[in-house]
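>>> could you look at this predicted model? Sequence included:
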Amino acid sequence: MRPNPRLGTRWYELGPIRVDVRALTARHGGATVPLGAKAVAALVLLCANAGEVVTREELIASLWGDEPIDESSLWQTMYLLRRCLASHGARNAIENVRGRGYRLTGPVQALPTPTARYAWARTARMLALLSCAALITSFSLQPPSRELQGESARLLRLGAYYFDTQTESGLQRSEMILDQLVRREPRSARAFAALAKTEAALVEAYGPSSSARSALQRARTATQTALRLDPQFAPAMAAAATVSELTADRFGNADATYAQAIMLDPRDADAHEQFGVSLLMRGQIKDAITQFQAAATIDPTTAGINAWLAFAYYAARDPASALPFAVQALYLGDDVDDAHAVLGMIYARMGNLSRATSEFALLKDCCPRLTIAYMAQAYAQSRRLSKSRALLRRLHPPANAPPLLWLNIAFAQIMLGDRTSALHSLRHVPLEGAMGRSMVALDPRLDPVRRDPRFAHFVSLQLATKSGA
């Protein structure tokens, strides 16, 4: 039977990190390490059995008791724990023993509980402080409830509904509704966090522009207000991480904040989704899929989560796994044109020309020239090169044609082996914004030119610099 770490031990020191066994908190240099109680409890159990393998079953029993969970919850907790420890100077402290469990490999020092006399004196002081605190609290404002009721709850649900359309008009509608909500509920962290998330999405929807800069400033203000109202509110923490990356126009500078949000509430689908996006944009596709899968398990009916899973599997060169999520996103979302385009790309990648062209054909009413570019790609991937070239000859886009059209013309030219023409087309693609640049860099359609130095600008992911990490 595993030793009980609470008997005789008050703290563990793991390198520069001190773990409080009773409070289930961790500190580094006087600052709190952003770990949730379950992650710290897992760390305490590993510290108590340093050098030995603690099985997955033992960890699950210790952390969740009889609560029915699957092993993905443990994997998530341990993944975030190891990542957080590494960022605070305890890199590789926990070893994943394949097929068995986890082992603490770093040096650990157990610090004993104070003697009874000093412990009693401290308890007496604490009781006195608590008595004073009780009197003060009776006259102080209590933090607002996180849950909204009545008309406020209705506005929150409406804002979430329009947010999930992921269209510019839907996001603007969500913004208007949530703006009403924060005026109605000025002390609700939930309301401000929802508004911050919508404003952050509008930044990407607008693209580089004065509208995007205004939306980013509103996102910052809403995030700061949410955290001031409730510093331990997971959606506010996740919004803060997203806003931080948008402000820097780089990905990878907010991992600790994402981890803290997930530790605070492992059931927050938005936090998993937003962290997944950050990981995906850095090319950490496997880790991103894990986050998106966690989000989809919590909330399987959100179009955006399914769309991100579809793109992540597509970027992983696994179109068969991408397909069901792309279909689900089509059924759940409002942006049907984009969903049909993604489905066509997936079918083309799978070599199913008839299904690919059928999906692309559905776009001809909204964007006929873009449809031709997509069709040319599908025929090129199916080695019907003459048909592909004939389709491209029908296109005579002006220099000011939408960048998306030029990008897809370039993709078709790459597939045909015409790299010089592809480079000419790509000159019309500005690639502004970290997400836009990374989305292009991740696209499998660039695979034939990844080693060509002339295309280096287009295959580079947009990561945080060391100074900004």
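Yep, that arrived. Numbers count the residues shown, from 1 in each chain.

>>> restricting to C-alpha, output stretch 178-189 in CSV.
Only the C-alpha atoms of stretch 178-189 are listed here, as CSV (Å, rounded to 0.1, in the frame of the first residue of the first chain):
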residue,chain,number,x,y,z
LEU,A,178,-23.0,40.1,-24.7
ASP,A,179,-22.5,43.9,-24.5
GLN,A,180,-26.0,44.1,-23.2
LEU,A,181,-25.3,41.3,-20.8
VAL,A,182,-22.2,43.0,-19.2
ARG,A,183,-24.2,46.2,-18.7
ARG,A,184,-26.9,44.2,-17.1
GLU,A,185,-24.4,42.2,-15.0
PRO,A,186,-21.5,44.4,-14.2
ARG,A,187,-20.1,42.1,-11.5
SER,A,188,-20.3,38.9,-13.5
ALA,A,189,-17.0,37.4,-14.4
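
>>> off-centre distance for it?
25 Å (Cα atoms, centre = their mean, to the nearest Å).

>>> cool, and stretch 186-202?
Offset of stretch 186-202 from its chain centre (Cα atoms, centre = their mean): 17 Å.

>>> check stretch 159-176 too.
Centre-to-centre, stretch 159-176 and its host chain are 19 Å apart (Cα atoms, centre = their mean).

>>> if you average pLDDT over it, what comes out?
Confidence over stretch 159-176 (mean pLDDT, whole number) is 87.

>>> ok, and the closest non-adjacent residue to the most centrally placed residue in the chain?
The residue lying closest to the centre of the chain (Cα atoms, centre = their mean) is residue 275, at 1.9 Å. The shortest distance from residue 275 to any non-neighbouring residue, by Cβ to Cβ, 6 or more residues apart in numbering, is to residue 258 (4.0 Å). To be clear about C-beta, it is placed using only N, CA and C from the backbone, and glycine gets the same treatment.

>>> and the pLDDT at that neighbour?
We have a pLDDT of 91 for residue 258.

>>> that's a helix at it, yeah?
Yes. Judged by DSSP: H, G, I helix; E, B strand; the rest coil, residue 258 forms part of a helix.

>>> counting neighbours, what do you get for it?
Neighbour count for residue 258, taken as other Cβ atoms under 10 Å: 28.

>>> just residue 448 next, same as before
Residue 448: 16 surrounding residues under other Cβ under 10 Å.

>>> mind listing what residue 147 touches?
Residue 147 makes contact with 153, 190, according to Cβ atoms under 8 Å, 6 or more residues apart in numbering.

>>> which helix or strand contains it?
Using DSSP states H and E, residue 147 sits within no helix or strand.

>>> local confidence estimate at it?
On pLDDT, residue 147 comes in at 80.

>>> ok, it to residue 88 distance?
According to Cβ to Cβ, to the nearest Å, residue 147 stands 33 Å off from residue 88.

>>> going along the chain, name the helices of the stretch 1-150 of the chain.
37-48, 56-64, 71-87, 116-137, 150-163 (DSSP state H, counting those that start in this stretch).

>>> check these for me: which has the lowest mean pLDDT.
Among the helices of the stretch 1-150 of the chain, helix 116-137 scores lowest, at a mean of 44.

>>> one step back: go ahead and confirm the residue nearest to the centre of the chain touches residue 260.
No. The pair residue 275 / residue 260 is not scored as a contact, 10.7 Å apart, by Cβ atoms under 8 Å.

>>> apart from its chain neighbours, what residue comes closest to residue 367?
Nearest non-adjacent residue to residue 367, counting by Cβ to Cβ, 6+ apart: residue 337, 7.2 Å away.

>>> which pLDDT does the model give the one you found?
pLDDT recorded at residue 337 is 82.

>>> correct me, but it touches residue 364?
No. Shown here, residue 337 and residue 364 do not form a contact pair, counting by Cβ under 8 Å, at 10.5 Å.

>>> measure residue 58 to residue 94 for me?
As for residue 58, its distance to residue 94 is 14 Å (criterion: Cβ to Cβ).

>>> these two: who's more crowded?
Neighbour totals were compared for residue 58 and residue 94, and residue 94 leads with 22 against 16 (other Cβ under 10 Å).

>>> which residues does that one contact?
Contacts for residue 94 (Cβ under 8 Å, 6+ apart) come out as 46, 78, 81-82, 85, 102-105.

>>> try it again with 6 Å
82, 102, 104 (Cβ atoms under 6 Å, 6 or more residues apart in numbering).

>>> swap in residue 40?
By Cβ under 6 Å, 6+ apart, the residues touching residue 40 are 24, 26.

>>> and with 8 Å instead?
If you count contacts by Cβ under 8 Å, 6+ apart, residue 40 has them with 19-20, 24-26.

>>> can you report how many residues lie near the nearest residue to residue 86 once chain neighbours are set aside?
Leaving aside its sequence neighbours, residue 86 sits nearest to residue 92 (Cβ to Cβ, 6+ apart; 7.3 Å). Using other Cβ under 10 Å, residue 92 has 10 other residues around it.

>>> contacting residues around the residue nearest to residue 384 when sequence neighbours are not counted?
Closest residue to residue 384 apart from its sequence neighbours, by Cβ to Cβ, 6+ apart: residue 353 at 7.6 Å. Residues in contact with residue 353 (Cβ under 8 Å, 6+ apart) are 347, 378-379, 381-382, 384.

>>> residue 448 versus residue 331, what's the distance?
33 Å.

>>> what of residue 438?
Separation of residue 438 from residue 448 (Cβ to Cβ): 19 Å.

>>> likewise residue 156?
As for residue 156, its distance to residue 448 is 47 Å (criterion: Cβ to Cβ).

>>> do residue 455 as well
Going from residue 455 to residue 448 by Cβ to Cβ gives 9 Å.

>>> just residue 363 next, same as before
24 Å.

>>> what do you get for residue 97?
Remark: distance between residue 97 and residue 448 (Cβ to Cβ) = 41 Å.

>>> same question for residue 420.
Distance, residue 420 to residue 448, using Cβ to Cβ: 14 Å.

>>> same deal with residue 232?
On the measure of Cβ to Cβ, residue 232 and residue 448 end up 49 Å apart.

>>> show me this protein divided up by domain.
9-112, 151-231 (automatic domain parsing).

>>> would a markdown table of these with distance to residue 460 be doable?
Shown next, in a markdown table, are the domains of the chain (distance: least, Cβ to Cβ, whole Å):
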| stretch | distance to residue 460 |
| --- | --- |
| domain 9-112 | 24 |
| domain 151-231 | 18 |
